[in-house]
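Visitor: predicted model, plus sequence, below.
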Amino acid sequence: MNTKLTLLGGLTVNEFLRDYWQKKPLLIRQAVPGFKGLLDPRQLIGLACRNDVQARLATYQRRQWKLRYEPFEPVDFEGLSRKGKWSVLVQGVNHLLPQGADLVKQFNFIPHARLDDLMVSYAPKGGGVGPHFDAYDVFLVQGLGHRRWQISTQKDQTLVEGAPLRLLKDFKVEQEWVLEAGDMLYLPPHCAHNGIAEDDCMTYSIGFRTPWYQELAEQFLVYLQDRIEIAGTYADPDLKAQKHPSEIGDDMLQQVGRAIRKVRWDDEDVANFLGCYLSEPKPHIFFAAPSKPMPQDRFDRAVRTRGAKLDLKTQMLCRTGTVFVNGDAHQVGKGSYTALRGLADARSLPPSEKYPREAASLLYQWYLDGYLTPGAR
Ligand code: SIN
Ligand code: CO
């Protein structure tokens, strides 16, 4: 945490978190030296056409923005360059490419609970998605070509009415830079920005979510509904005749109010909810179970000699004795917790003499579910 990092332009993690994270933008020239990008535009369009991928196509024609979501077919991208400015954006590239997961790993100094995904965009000269702001912290790493980033810390966040993209009505550029391969721009949430492709241009966005409290609270109530236990039934042995039978009486109101106030939760509930909610894969994500799974003893030997690695799509979090994998919680003993937390931190397990039996049987279960495989990366 106190080592100067090239990725952060010579700042330590602690300095970056103290002075920039969630506070102000930071441009870092050659944050990822030698970075040339991980795929070419044709390969990105190939990913956009997969049926297990979320993608968007933004086009700007005749002074109008249009936005289309997946599913896409290759023909959707044919002849686009002749029609004006456009950009294709593909989400979750860290779930599709090992090199994408490796790029995201460089940002391990931010908790995994905050990570959204790696989005990759391609735009020909002049393309982009227009001036806007996001509810995200984002590290924008330039790959192919050059992108002009214009930013503003303006308070006015009025949007263009009726536009399919959330475009800022009055974007006042305060600073701008042209980024080339390996350069990186960090933007805190709500910092207005506009990225314009200077030539054939690909940008790699490592995004960190900042969930709305409203969404968290609604989802927490969903979590809680399966866990509350309030004993008893409504009773009114002292019922008095009412002048208006259609009115809800005070006694009923008070009695039900007292019962509902018995709904209780503690930090453990909040932790369990957060672990399950934040590790839940997005709805389009599916795992492929092994077609001919090996029996547990062979699997154990394979993990002991070769280690294990999480599937690129697996999301794993943990907290004090509980590990959360793809939306499920597992409470484990101390030794297992230490081993499984190592797996969650590094997304892989080194070969080892032996893992506690509880950890070994969870690993085997996750192997059967397609959440991990034996072998190193
Ligand atoms: C991009 O076009 O690569 C980034 C889009 C954004 O500004 O969020
Ligand atoms: Co943005």
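Guide: Happy to help now that I have it. Ligands and ions are numbered 1, 2, ... in the order given.
Visitor: so what pairs up with whichever residue of the chain sits closest to ligand 1 in the strands?
Guide: Nearest to ligand 1, among the residues of the chain, is S121, at 3.2 Å (CB to the nearest ligand atom). C-beta: built from backbone N, CA, C; applies to glycine. Using DSSP bridges, the beta-bridge partners of S121 come out as L89, T203.
Visitor: what is the burial count for it?
Guide: Neighbour count for S121, taken as other CB atoms under 10 Å: 25.
Visitor: thought it was touching I196?
Guide: No - the pair S121 and I196 fails to qualify as a contact (CB atoms under 8 Å) at a distance of 12.0 Å.
Visitor: for the chain, what lies in contact range of ligand 1?
Guide: 87, 121, 128-129, 134, 193, 195, 203, 205 (CB under 6 Å from any ligand atom).
Visitor: if we use 5 Å, what do you get?
Guide: 121, 195, 203 (CB under 5 Å from any ligand atom).
Visitor: my read is the second one is in a strand, agree?
Guide: Yes - residue state for G195 (DSSP: H, G, I helix; E, B strand; the rest coil) corresponds to a strand.
Visitor: so where's this structure shaky on pLDDT?
Guide: 82-83, 377 (pLDDT under 70).
Visitor: the nearest residue to E198 once chain neighbours are set aside: neighbour count?
Guide: Closest residue to E198 apart from its sequence neighbours, by CB to CB, 6 or more residues apart in numbering: H146 at 3.9 Å. Applying other CB under 10 Å, we find 17 residues neighbouring H146.
Visitor: repeat for L39
Guide: Other residues close to L39 by other CB under 10 Å number 22.
Visitor: what's the answer for A346, then?
Guide: Neighbours around A346, by other CB under 10 Å: 15.
Visitor: just D266 next, same as before
Guide: 8.
Visitor: with M316 instead?
Guide: Count around M316 with other CB under 10 Å applied: 21.
Visitor: excluding chain neighbours, what is closest to it?
Guide: A344 (4.1 Å).
Visitor: right, and the helix or strand after the host helix or strand of the one you found?
Guide: Following DSSP states H and E, the helix or strand that holds A344 is helix 334-346. Using DSSP H and E, the next helix or strand after helix 334-346 towards the C-terminus is strand 348-349.
Visitor: buried set for stretch 369-377?
Guide: 369-374 (16 or more other CB atoms under 10 Å).
Visitor: identify all contacting residues around the helix holding A344.
Guide: Contact with helix 334-346 is made by 108, 112, 308, 310, 316-318, 321, 323, 332, 349, 352, 355-356, 358-359, 362, 372, as judged by CB atoms under 8 Å, 6 or more residues apart in numbering.
Visitor: at 10 Å instead, please
Guide: Residues outside helix 334-346 that contact it (CB atoms under 10 Å, 6 or more residues apart in numbering): 105, 108, 112, 279, 307-310, 314-325, 330-332, 348-350, 352, 354-363, 366, 372, 377.
Visitor: from the residues you listed, which land in helices?
Guide: Of the contacts of helix 334-346, the ones assigned to helices by DSSP state H are 105, 279, 357-363, 366.
Visitor: L187 touches V138, doesn't it?
Guide: Yes - counting by CB atoms under 10 Å, L187 touches V138, with 5.2 Å between them.
Visitor: gap between the two ends of stretch 191-204?
Guide: For stretch 191-204, the first-to-last residue distance is 18 Å (CA to CA, to the nearest Å).
Visitor: all strands of the stretch 51-200 of the chain, in order?
Guide: 55-61, 64-69, 85-90, 115-123, 136-142, 147-152, 175-179, 184-187, 192-197 (DSSP state E, counting those that start in this stretch).
Visitor: next, the residue nearest to H132 when sequence neighbours are not counted: phi, psi?
Guide: Of all residues not flanking H132 in the chain, R166 sits nearest, at 5.2 Å (CB to CB, 6+ apart). For R166, the backbone dihedrals are phi -80, psi 80 (criterion: degrees, to the nearest 10).
Visitor: R166: how many residues sit nearby?
Guide: So R166, with other CB under 10 Å, has 15 neighbours.
Visitor: swap in H244?
Guide: For H244, using other CB under 10 Å, the count is 6.
Visitor: wait, is it part of a helix?
Guide: No - judged by three-state DSSP, H244 forms no part of a helix; its state is coil.
Visitor: host element of V256?
Guide: Using DSSP H and E, V256 falls in helix 250-260.
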